[in-house]
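[1] Build me a model from this:
(one chain, ligands or ions: 1)
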Amino acid sequence: MPVDIAEPEGKALILPGTICKAYNLCMAKEDLSLVYDRDMIDARVATLATEITREYKNLNPILISVLKGSVIFFSDLIRRLDFGIELDFIRLASYGPHTKTSGEVNIIYDVTLDIEGRHVLLVEDIIDTGLTVKKALDHLNKRGPASIKLCVLIDKPWQRLTPVEAAYTGFTAPDRFLVGYGLDYAERYRNLPEIYALEK
Ligand code: PRP
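    Numbering: from 1, shown residues only. Down below sits the predicted model:
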């Protein structure tokens, strides 16, 4: 029986299921329950793209994907933007092979474009403690962008250890560890087309 979770944006489905069978993941120790299906994700990405277009269409913005987790969301989002943009990437990591952050965020790969005087939109898959995006925003702000805002697919605002707020949010998530659509557990499950809760 699906469990409904009330949310400000979008509604999470929690469907205990047969994902192992469907995706041939039977070697995995974990069970996965469906939370956001393809239609739900597509609808939210389309809405975000409309909102971003409204604000940025005449600004020639630089969109920066926070690797690795945001790469699937990023590629779906940018293909829905039909105006001039430039792309870049930054990689930060803190979780390692665990479901809890280590608290220490490291920049592993930096942007290559000059962002001084440019309008920047940082694109993340998920904000949890906020430590990753805080580090990225502090780092990028030192380079003098004209503006910098945050677009996130999944937010867990109650988990914050530092105050950060996204200008664009796809879903406010249930209190579960999520995988799929770029999100990983110990590097696995990023390639799942939907988003699932990890049940250990
Ligand atoms: C994950 C996720 C976010 C960050 C969110 O990245 O992709 O970047 O954690 O957590 P926070 O708000 O508590 O900082 P991770 O460090 O696991 O690297 P990855 O993107 O390569 O999976």
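[2] and D88, what helix or strand is that in?
    If you go by DSSP states H and E, D88 is part of strand 86-93.
[3] Next, the buried residues of that strand.
    Counting neighbours by 16 or more other Cβ atoms under 10 Å, one finds that the buried residues in strand 86-93 are D88, F89, I90, R91, L92, A93. All C-beta spots, glycine's among them, are computed from the backbone N, C-alpha and C.
[4] And the next helix or strand past it?
    As assigned by DSSP H and E, the chain's next helix or strand after strand 86-93 is strand 106-109.
[5] which two from the buried residues of strand 86-93 end up farthest apart in space?
    With distances taken as Cβ to Cβ, the most widely separated pair in these is D88 and A93, at 17.4 Å.
[6] got the contact list for I148?
    H119, V120, L121, L122, L137, L140, N141 (Cβ atoms under 8 Å, 6 or more residues apart in numbering).
[7] Quick one, which of the residues you listed are buried?
    Neighbour-count burial (16+ other Cβ under 10 Å) applied to these gives H119, V120, L121, L122, L137, L140.
[8] And stretch 59-68, end to end?
    End-to-end distance of stretch 59-68: 26 Å, with Cα to Cα, to the nearest Å as the criterion.
[9] Buried residues in that stretch, which are they?
    So, applying 16+ other Cβ under 10 Å, buried residues of stretch 59-68: P61, I62, L63, I64, S65, V66, L67, K68.
[10] Thought L92 was touching the last one, still the case?
    No: taking contacts as Cβ atoms under 8 Å, K68 lies outside contact range of L92: 9.9 Å.
[11] rewinding a little: also near the ligand: which of the buried residues of strand 86-93, exactly?
    A93 (Cβ under 6 Å from any ligand atom).
[12] Just the closest of the buried residues of strand 86-93 to the ligand, please.
    A93 (4.1 Å; Cβ to the nearest ligand atom).
[13] how about that closest one, what does it touch?
    V105, N106, I108.
[14] ok, now A167?
    Here A167 is in contact with K149, L150, C151 (Cβ under 8 Å, 6+ apart).
[15] Excluding covalently adjacent residues, which one is nearest to the residue in the chain positioned nearest to the ligand?
    The nearest approach of the chain to the ligand comes at G69, 2.7 Å away (Cβ to the nearest ligand atom). Excluding the flanking residues, the one nearest G69 by Cβ to Cβ, 6 or more residues apart in numbering is D125, at 3.8 Å.
[16] Paired strands for the one helix or strand the one you found maps to, with orientation please.
    Using DSSP H and E, D125 sits in strand 119-127. Here strand 119-127 is paired, per DSSP bridges, with strand 62-67 (parallel), strand 147-155 (parallel).
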